[in-house]
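Chemist: structure of the sequence below:
(one chain, ligands or ions: 2)
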Amino acid sequence: MENFTFYSPTCFVFGKETENEAGSYVKRFGGSKVLIHYGGESAKRSGLLDRVQDSLKKEGIDFTLLGGVKPNPRSGLVYEGIDLCKKEGVDFILAVGGGSVIDSAKAIAAGVVYDGDFWDFYRGKRIEKALPVGTVLTIAAAGSEGSPDSVITKEEGMFKRGASGDAIRPKFSILNPALTQTLPAYQTAAGITDIMAHLYERYLTNSKEVEVTDRLIEALLLTMKHEGPRVIADPNNYDARANIMWAGMVAHNNTCGVGRSQDWNSHSIEHELSALYDCAHGAGLAVTMPAVFKYEMNHNIMRFAQAAVRVWGCQMDFEHPEVTALEGIECFQKFLISLGMPKNFEEIGAKEEDIPKLVEVLCRGDGRQGSISGFVTLNEEDCTNIYKM
Ligand code: NZQ
Ligand code: ZN
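Modeler: Numbering: from 1, shown residues only. Ligands and ions are numbered 1, 2, ... in the order given. So this is what the prediction gives:
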């Protein structure tokens, strides 16, 4: 196991009707003038936005609203949010929505207290300072409710990039699984896929002797394997929703990633797809992961074989572990397809003729030097091959 520091100070408030406590938590964390940031229509339609506003009013907290965050959130609204916060003297940002809304809120929070262009953080500068952020989560997926990360797409060039720093870990996150019952089945499945991706990206490690985190990841993957089909069959199953929601947080606040190197090649390769075609991030991952895994498999056959046996229940073929490894990857892909996820480029609206452009932005865009690096290093030729797969 490698040395690590793990600092994850978010206060999680979990369970039914907890969104009504948003105001008291904003107060507890020092907010007096709040920006409520939200997405399209879903939080309005369900009455959630009204309930959150009521809870702030009850505490006598002043607020202003900024909606319109799109899935795969854009830099344009972030600039607008930064200006609004400065003009209104906002001291706390409350995100009501999914990963996209939370990431946009985090970008605004970092940008308000920074003199330069907030995009510097998405080109590698670490976020050291930000306004405090709280969240009311409406979809179990990205894990942004507990993560130190934010992913934004810059409209000029359509670069989809991530920024990081403990300063943008939410101060509190309200997780009411019942709020996710209004999700379309496709979004639920995309969320499940993303959660499983966050687990696999950590499982694919070059670090040795990481039994605790290996076993935690396997436990969470088994949970998703059990709860995924249950929630697709019965969207109102609160308990299945609850297990998935907590798994989504644990999968990505790095509890499962400490002390080990991680992969993230599937995510980098996917981000170009959701940037260019605006597909759901989870749907893009359902297409990219099996291809990346098959491409990376020979780097450490036993790691894939171990997942195949422990998670997917495959029989270990000791003479030909590559057969077991491949079987595990295929079981995973079949599982995602059974939830309603796409299996190829065509089903997410991607086009083969765009591959050179995707590879160029992925490997050269915004300062990159011709490759991406995780479990293995992938150069432009590798990435081209993976997109073709
Ligand atoms: O905009 P509204 O109307 O709210 O609709 C959203 C959106 O269309 C809808 N939705 C959310 N909650 C709902 C609901 N519809 C009905 N009922 C509800 N309760 O679902 C759609 C997708 O929402 P979005 O926030 O985009 O989903 P998700 O949480 O999957 O976030 C995806 C974004 O997070 C990034 C992704 O790249 C993508 O941009 N990621 C962020 C990470 C992080 N910050 O740590 C890590 C991830 O790997 C990921 O890259
Ligand atoms: Zn993800």
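
Chemist: residues from the stretch 201-350 of the chain in reach of ligand 1?
Modeler: Within reach of ligand 1 by Cβ under 6 Å from any ligand atom, the stretch 201-350 of the chain has these residues: His252, His267, His281. Backbone N, C-alpha and C define where each C-beta goes, glycine included.

Chemist: give me the contact list for the helix ranked longest in the chain.
Modeler: For the chain, the longest helix by residue count, based on DSSP state H, is helix 211-233. With contacts defined as Cβ atoms under 8 Å, 6 or more residues apart in numbering, helix 211-233 is touched by 185, 188-189, 192, 195-196, 199-200, 202-203, 237, 240-241, 243-244, 247, 250-251, 255-260, 306-307, 310-312, 335, 338-340.

Chemist: leaving aside the residues next to it on the chain, what's closest to the one residue sitting closest to the centre of the chain?
Modeler: Closest residue to the average C-alpha location of the chain: Ala142 at 2.4 Å, with Cα atoms, centre = their mean. In space, and not counting its chain neighbours, Ala142 is closest to Gly99: 2.6 Å by Cβ to Cβ, 6 or more residues apart in numbering.

Chemist: is it true that that neighbour touches Thr135?
Modeler: No - in terms of Cβ atoms under 8 Å, Gly99 does not count as a neighbour of Thr135; the distance is 9.8 Å.

Chemist: for Gly349, give me its contacts.
Modeler: Counting by Cβ under 8 Å, 6+ apart, Gly349 makes contact with Tyr277, Cys279.

Chemist: rewinding a little: Three-state assignment for the residue nearest to the centre of the chain, please.
Modeler: Of the three states, Ala142 takes coil according to DSSP: H, G, I helix; E, B strand; the rest coil.

Chemist: could you number the chain from 54 rather than 1 from now on?
Modeler: Renumbered: residue one is now 54, and that last one reads Ala195.

Chemist: coming back round to it: so what sits against both of Gly152 and Thr188?
Modeler: By Cβ under 8 Å, 6+ apart, the residues touching both Gly152 and Thr188 are Ser197.

Chemist: quick check, Phe388 in a helix?
Modeler: Yes - counting by three-state DSSP, Phe388 is located in a helix.

Chemist: what's the burial count for it?
Modeler: By other Cβ atoms under 10 Å, 20 other residues sit near Phe388.

Chemist: which pLDDT value belongs to it?
Modeler: With respect to pLDDT, Phe388 scores 98.

Chemist: got a list of what Pro395 touches?
Modeler: Counting by Cβ under 8 Å, 6+ apart, Pro395 has contacts Ala336, Ala339, Val340, Ile401.
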